[in-house]
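>>> Sequence and predicted structure are below.
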Amino acid sequence: TQYVYRFGGGVSDGGRGDRNLLGGKGANLDEMASIGLPVPPGFTISTPMCAVYYDEGGKFPDSLKAEVANGIAHIEQITGKRFGDAADPLLVSVRSGARASMPGMMDTVLNLGLNDATVEGLATVSGDARFAWDSYRRFIQMYSDVVLELDHSRFEEALEIAKEDNGYYLDTDLTADDWRKLVDEYKALVQELWGKPFPQDVHDQLWGAIGAVFGSWQSERAKVYRRLNDIPASWGTAVNVQAMVFGNMGDTSATGVAFTRDPSKGDNAYYGEFLINAQGEDVVAGIRTPQYLTKAAREAAGAKPASMEEAMPEVYGELANVFDLLERHYRDMQDIEFTVQQGKLWMLQTRSGKRTAKAALKIAVDMANEGLITREEAIARIDPAALDQLLHPTLDPKAPRDVLTKGLPASPGAASGKVVFTADAAETAAKDGQDVILVRVETSPEDIHGMHAAKGILTARGGMTSHAAVVARGMGRPCVSGAGALSIGNGVMRVGDREVKEGDILTIDGSTGEVMAGAVPTVQPELSGDFGTLMEWADGIRRMKVRTNAETPLDCRTARDFGAEGIGLCRTEHMFFEASRITSVRQMILASDEAGRRAALEKLLPEQRSDFVEIFETMAGLPCTIRLLDPPLHEFLPHADAEFEDLATATGIDIDTLKRRAAELHEFNPMLGHRGCRLGVTYPEIYEMQARAIFEAAVSLEAAPVPEIMIPLVATKRELELMKAVVDKAAEAVFAETGKRVDYLVGTMIELPRAALRAGEIAEAGQFFSFGTNDLTQTTLGVSRDDAARFLTDYVEQGIYAKDPFVSLDVEGVGELVKLAAERGRATRGDIKLGICGEHGGDPASIAFCEAVGLDYVSASPYRVPIARLAAAQAAL
Ligand code: ADP
Ligand code: MG
Ligand code: MG
């Protein structure tokens, strides 16, 4: 097998289609080289070698030596320099690159190939000793950290001391001699910490670095990132070895990162940062504050240092052309890394850029309107789950704010919470259910778990493309970065004379960069513009309808604003819990005979009727599925003595009798107890009252809906027949009394395996099925929803279920029952209406399954309705 693939100098052994083999970085370097962009030559060791390396216990097969030697020869031939040549040495970078981009997760080594001899050669040929020694000290520092895994703080300390001793402020203030001295100190440090001298053989250096990149695939931070992003460990990383180009060769050299459009807001404007006379990670590491790419961005920010457009107009023009070319070529917004070496532009990386949900929407809609992509592609590109970011509240613009300071608006959205200063503290507090804001000088990949746990992130240093900003945008966390006025230490954060301690409440606005003391109230977002456009396109494509699970007029209103086309599940028991009614409900439950129950139900009837009037009015003729009473009765019982006393007063029954009656209702396993249609079978008067309330409401309205009355927890056809008779009788009674009729349907939830299996005959008695996948999951898996948390995480971690089956439908098991019931139901009744009303109705993967089985609609909670609309469209593409 071939493991090494070359690129550059007119050669491209691979291309953009090879990302599984070469990793994203390698495949795109090949692609850029093949379309004629200036890419330093190099080669990629393919991802399968990662597994081989681990299988061999951290060794490489002999065949790889020859292949790598060929790869180096390729670079030597194109650059005209030789690896290890003391007179004119070839230097390379060793870079990781997995299939999916894992920003900042893996380690990169720059300037490899420098040693005590080649550094002199580099100084001579470049005519710049300062540059040569700066590169050498960077190399020793990186290599010691990444490959030798020595304590990097010792190296940073040595640099800090060197600066202090000389009264310098910036790294760029150090002279060739200063760097030379520091290199001596670094080498002594390596000897002290590692017990051996710094490797002088360039081939040892190269193989050490290649091993370290493969090794970093199993580092803790890489594992955390993979877990959070569902990246399988089996993919492995590739290793890229590439000729160095130098952004640190003086004032005509620079390095930078850019996006072809604004990754935060989505505007069609170049967006990025660069630093003159700098190398690689300097821009993202926040060592110096980077400068803007464009003049417009600099002016908008009111910043002074010249933008790249102003400082290097010619190279900037070239770069802008490359941006346009790459965007057209990849038909997507690109995230680009480049270096300018003495006025010559070099491309070092391109990939589809991570973006906020807001930017994703704008970019997709704009690109479709520009004709760059189709509407279908625009729809396919939006992650439905990410819409969540847009549907949630932002800061109330009218609310007073106690603004402490302002940083960069690095990731939009607002968040309030208690201040914590470490990632671990954020994680601990979040586990306790607290909202926290993670405040750091700057973040590093070690902080990922804390950033994930936090509601928002605030950093004192770092630009718009700093680690904190990139990661926060990817996670959808609000982030304010580079709030330079902050000083942080010893459990307090200071701004001027203000102090914020650990545990104090802080609010950040990632859309404006504002940092505020205390909590600030929020308002609902506006769902127009690009959001509306994309939703409209999605609605034009999807086949399934999207309904909502809602029982209050407010929920119904919200869901309709989000585009719901009906109610898929109205749980009537929620109405029973209301304070004004609970006494009548309790009276009904505790009554000793039918007459007693009827008396209490009489009082509930007008209340239920007005609920339905309101709901039907809000839904304005759209279909409404109403589920009759479902939970075990004891859920409504009084607990506290005071509640029993109130009840005794209201009913005239003495407390002891009430308590005895309550005790009688106790069940050992209420989920499988006296609930659902079993209540209707034993106490038909309850369902009769509910049905009556529904019909009285329906006939009273001009635009009468077609109520879909749903009987819960049916296992047999006979149960449904009996309950349908109760409903029909109530309907006829109301129609006779009022002289008005409405159409209605009676159907059932399919939430017991028996019901799914017997769906063929159940469909004889019912006109629709709604899959109650919460209970169906519980009853099929034999897993109690309320007790599952204790072990389900372990189940998912050990791969027993791919995802929590209560969040994403267990397609193989529960899904098979759904499919079978749908088929059997349809065989009996060709036009049977089929829907889903479990939590799964708002989960994109489950929605794709519903499309595949041909359900008529999904029903989701109000805030998930837009997610469901988009997911249903994607499923239909
Ligand atoms: P990451 O995946 O963390 O972005 P990279 O492999 O892209 O790591 O390397 C980080 C940075 O190092 C690049 O953005 C670039 O600035 C610099 N770099 C990498 N390879 C080279 C090279 N051959 N010449 C000059 N700079 C390089
Ligand atoms: Mg990179
Ligand atoms: Mg149920």
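Received the coordinates, thanks. Ligands and ions are numbered 1, 2, ... in the order given.
>>> Which one of the residues in the stretch 251-400 of the chain is closest to ligand 1?
Relative to ligand 1, the nearest point of the stretch 251-400 of the chain is Gly280 (3.2 Å; Cβ to the nearest ligand atom). Bear in mind the C-beta positions are built from the backbone N, C-alpha and C, glycine included.
>>> Name the helix or strand of this structure that has the lowest mean pLDDT.
The weakest-scoring helix or strand in the chain, judged by mean pLDDT, DSSP states H and E, is helix 282-285 (a mean of 74).
>>> Quick one: name whatever helix or strand follows it.
Proceeding N to C from helix 282-285, the next assigned helix or strand is strand 291-292, under DSSP states H and E.
>>> Note down every partner strand of that following strand and its orientation.
Sheet pairing for strand 291-292, assigned by DSSP bridges, gives strand 271-276 (antiparallel).
>>> which other residues reach the strand it pairs with?
The contact list for strand 271-276 (Cβ atoms under 8 Å, 6 or more residues apart in numbering) reads 247, 251, 253-264, 282-283, 288, 290-293, 297, 308, 311, 336, 463-465.
>>> Looking at those residues, which are in strands?
Cross-referencing those against strands under DSSP state E gives Ala254, Thr255, Gly256, Val257, Ala258, Phe259, Gln291, Tyr292, Ile336.
>>> out of the residues you listed, which are buried?
Buried members of those, counted by 16 or more other Cβ atoms under 10 Å: Ala254, Thr255, Gly256, Val257, Ala258, Phe259, Gln291, Tyr292, Ile336.
>>> Could you export the residues you listed as TSV, including distance to Gly673?
Output for these, formatted as TSV (distance: Cβ to Cβ, whole Å):
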residue	distance to Gly673
Ala254	72
Thr255	68
Gly256	66
Val257	61
Ala258	63
Phe259	58
Gln291	69
Tyr292	66
Ile336	62
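>>> any idea which of those residues is closest to Gly854?
Lowest distance from Gly854 to these (Cβ to Cβ) belongs to Phe259, with 41.1 Å.
>>> Please name the bridge partners of the closest one.
Tyr271, Asp335.
>>> Name the SS class of Leu438, please.
strand (DSSP: H, G, I helix; E, B strand; the rest coil).
>>> From the structure, what's the count of residues near it?
Residues lying near Leu438 (other Cβ atoms under 10 Å) number 31.
>>> now do Ser253
23.
>>> which one is it nearest to, not counting chain neighbours?
Counting by Cβ to Cβ, 6 or more residues apart in numbering, Ser253 lies nearest to Gly247, which is 4.9 Å off, once chain neighbours are set aside.
>>> Could you find the residue in the stretch 151-300 of the chain that comes nearest to ligand 2?
Val257 (7.8 Å; Cβ to the ion).
>>> For that residue, list the residues it contacts.
By Cβ under 8 Å, 6+ apart, the contact set of Val257 is Gly272, Glu273, Phe274, Val283, Val284, Asp335, Ile336, Glu337, Phe338, Thr465.
>>> The fifth one contacts Thr465, doesn't it?
I take that to be Val284. Yes: assessed by Cβ atoms under 8 Å, Val284 is found in contact with Thr465 at 6.0 Å.
>>> Buried ones in stretch 655-663, by neighbour count?
Leu658, Lys659, Ala662.
>>> One more: stretch 700-715?
Applying 16+ other Cβ under 10 Å to stretch 700-715 flags Leu701, Ala704, Pro705, Pro707, Glu708, Ile709, Met710, Ile711, Pro712, Leu713, Val714, Ala715 as buried.
>>> Using the three-state scheme, assign the third one.
Yep, that's Pro705 we're talking about. Pro705 - assigned by three-state DSSP - is coil.
>>> from what I can see Ala483 touches Thr459, true?
Yes: Ala483 is within contact range of Thr459, at 7.0 Å (criterion: Cβ under 8 Å).
>>> Great, nothing more from me.
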